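Student: When you get a sec, could you give me coordinates for this:
(2 chains)
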Amino acid sequence: MANFILEVENLKKYYGPVKAVDGVSFKVKQGSIFTLLGPNGAGKTTTIEIIEGLRIPDEGKIIFMGEEINRVGNKQKEYIGVSLQETNLIPYLTVKETLDMFKTIFPRSLDITEVLRMISLEDKANTYVRDLSGGQKQRLVIGLAMINDPLILFLDEPTTGLDPQARRNTWDILLELKRKGKTIILTTHYMEEAEFLSDWVCIMDHGKIIKEGDPKSLIRDLEKESLIEVEVEANSLMLEKLTLLEPVYDSKHKRLILKTDDILSTTELLLRLSKENSLQIKDVIIRQPNLEDVFLSLTGRSLREEL
Amino acid sequence: MKIVKLANYLFNSTARDRSDFFWLLVFPIILLVILMLIFPSLYEPKEVTFSLTFLSQNGMFSEIIERVFKELSIGKHKIFRLSILRNTEENLNNEIEKLRRRNIDLIVEIPEGFDAQMLNWFMLNNLGVTASSPTINIYSLKHNISSESAYLTVKNILQKLELEFIKKVGYKLREVESEIELIGIKSTFSYIDFIYPGIVIFVVFMTGLFGIGLHLTWLKESGILKRIMVTSLPKSSFIISYIISRIYLIMLQITLISLIAKFLFKTTVNPLSLSFIGYTSLTVICLSSLGFFLASVSKNVSSANAISQILNFPLQFLGGIYFPVSGVPWAIRWLVLINPITYLASGIRDALGIMESPYPLYVTLIVPMAWIIFCLLFTYRRFKLEEV
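Tutor: Residues are numbered from 1 along each chain as shown, chains lettered A, B, ... in the order given. As a prediction, this is how the structure comes out:
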């Protein structure tokens, strides 16, 4: 039987007519990386902030380490580490002082030197927070989430705004934490991040979980080996003739996506149809499906265009 | 222990911020020095000598006046550098030109027929007839402090002189009640004693408004407060830590101001006296509450900034920090009367024996306390460390 460290049942949070979180339920396995994936406004942050104890839910049940609670209180907060979306820190404290300030708060904590090593900021220990780069600041934020040696880490979009190298460094830290047996609850709108890191992904849209599973099985559920992405100004006649290939057309970006098991014949068909309809194909990309395609097939919208 | 450590970090971060350091620690000292350079001369007049031209006439009364001015122009403490000339049109024009060029401060002209006018005036007064007074022409330069001061000095001397004439001829003196409003300044008034408690109130006010109101709003807006609230730290512990960090700041400010007031400007006020400590504590509680109130009504730093500016000027300048405000026009007197600083400033000065308060003791305590209760209740109801 799976060991769930956190269970959420029918969580709801409404702001007037806006259903920010609308009946969300999920279970998080101990020692896994669990991801809430979705566009901005999907309800990921509200969900995670309810669990962190920052917001009071209108309805729902939280089972935290086997104990049913209405709201995460100070007792539970001792076991969680949090990295909020857009966290700012006190600019005129050094990295070491910032870690020490948060270490002071908790009854049990890790050694500051150990945390500095884990987040690779040993050489910046005496640097003011204001003088850190975006990536260094984000690593410090993760370090703060780790300072109390938590069992669960809540990381709300920890790599947003970071350059690819800084993002990769953050992923390495998260994988290292997973290896140490920590449970990580992540929110992101980067599908490659969710795909690379997650053991389990919940895709959220409009306050609801619309699909969940491990990334591989979610992609496998698309039931096609390859996708052909074509930059073309498609018309309805062309789309009609491609019905069997389940076309998804993004008219805004003039992008047509087709699912196929037979790349060669699909490409031939595509070229023939474009010729017959006098349509100019500007670009063709043949690739494997990813979580972006899962979201697209579920909502008809691209995750990228929602950002 | 953790509360104190957190307070230390909160204090350090404020003290290291150059902007906060300047406005909360350096600026009040600069302000005290500037005020001490500008205002004491108005309250503690020094010896001055004015350049005066006396245009004389022949005659007994003219000569008496001339002698008086001569007497005041000799010796170590002379008031005038006197130049006596015959009153002719040419001399008058030359002297007016000198006055315009600011070579002299004042011209006193005894007009032609002055003696006759004086005699006439005494006689008619003796007969019970109201006669027009004899005149002495005084020429001063408009908008020139030195010339206007010389005019006031000469006017004062001539009034005294008139009194002596009347006394000598044996007429009765009719006294008129003075309508000068006493503002409670005692004969031993010292501006540093007056301004020192004012600057103490000013620094606490600045800390309340900017060091608490604006700072707390910034902590809230930047998400730092939210980040602290997702830890297991109880809210009450954070609030106590924050208050302690602000008390450190205020104590440092008051110590610096007190050292400068005591050793540089030689104030006679004892900052360790019970009345000073008592009123200062009341000031700290009252104006810190105002800071918490500001943080409660402000949605973000921009709105906190705007509200603090709205509160800053009327509260600061109509609170009697820099000058007495008992005589301000009725149109703005209500701002004086609802201002807690008015009562804190007059209360502390009265308690220290610097200046008598126009308000009873209980009023100087009740009004700030009412503000404290209002601000804290409002903060309790409105201010949230985290969103719900």
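Student: in the helix or strand bottoming out on mean pLDDT in chain A, what counts as buried?
Tutor: Every helix and strand of chain A was ranked by mean pLDDT, DSSP states H and E. The lowest is helix A:236-241, at a mean of 73. Neighbour-count burial for helix A:236-241 flags A:238, A:241 (criterion: 16 or more other C-beta atoms under 10 Å in any protein chain shown). For the C-beta atoms, the positions are set from N, CA and C on the backbone; glycine is no exception.
Student: That one - contacts with which helices or strands?
Tutor: In this structure, helix A:236-241 makes packing contacts with helix A:263-276, judged by 3 or more C-beta pairs under 8 Å, 6 or more residues apart in numbering or on different chains; DSSP states H and E.
Student: and chain B, which residues reach chain A?
Tutor: Neighbours of chain A within chain B, by C-beta under 8 Å from any C-beta of the partner chain: B:2, B:5-6, B:9-10, B:12-14, B:16-17, B:222-224, B:226-234, B:386-388.
Student: So what's the residue count around residue B:301?
Tutor: Residues lying near residue B:301 (other C-beta atoms under 10 Å in any protein chain shown) number 16.
Student: Quick one: residues contacting it.
Tutor: By C-beta atoms under 8 Å, 6 or more residues apart in numbering or on different chains, residue B:301 lies in contact with B:214, B:217, B:218, B:221.
Student: Surely residue A:247 touches residue A:241?
Tutor: No - in this structure, residue A:247 is not within contact of residue A:241 by C-beta atoms under 8 Å, at 9.4 Å.
Student: Any of the residues of chain B next to chain A buried? List them.
Tutor: For the residues of chain B next to chain A, a neighbour count by 16+ other C-beta under 10 Å gives the buried set as B:6, B:9-10, B:12-14, B:16-17, B:222, B:224, B:226-233, B:386.
Student: Among those residues, which are located in strands?
Tutor: Applying DSSP state E to these, no entry is found in strands.
Student: For the stretch 101-250 of chain B, which segments count as helices?
Tutor: For the stretch 101-250 of chain B, the helices defined by DSSP state H, counting those that start in this stretch occupy B:114-126, B:145-168, B:191-206, B:215-221, B:224-229, B:235-259.
Student: now, of those helices, which is deepest in the fold?
Tutor: Of the helices of the stretch 101-250 of chain B, the one with the most neighbours on average (mean count of other C-beta atoms under 10 Å in any protein chain shown) is helix B:191-206, at a mean of 25.
Student: Off-centre distance for that helix?
Tutor: Centroid separation for helix B:191-206 versus its chain: 11 Å, with C-alpha atoms, centre = their mean, to the nearest Å.
Student: what angle separates it from helix B:235-259?
Tutor: Comparing the axes of helix B:191-206 and helix B:235-259 via axes from the mean of the first three to the mean of the last three C-alpha atoms, to 10 degrees yields an angle of 160 degrees.
Student: Show me what the mean pLDDT comes to for helix B:191-206.
Tutor: On average, the pLDDT along helix B:191-206 is 90.
Student: Show me which residues of the stretch 101-250 of chain A are close to chain B?
Tutor: Counting by C-beta under 8 Å from any C-beta, the stretch 101-250 of chain A comes close to chain B at A:101, A:102, A:104, A:105, A:106, A:107, A:128, A:144, A:148.
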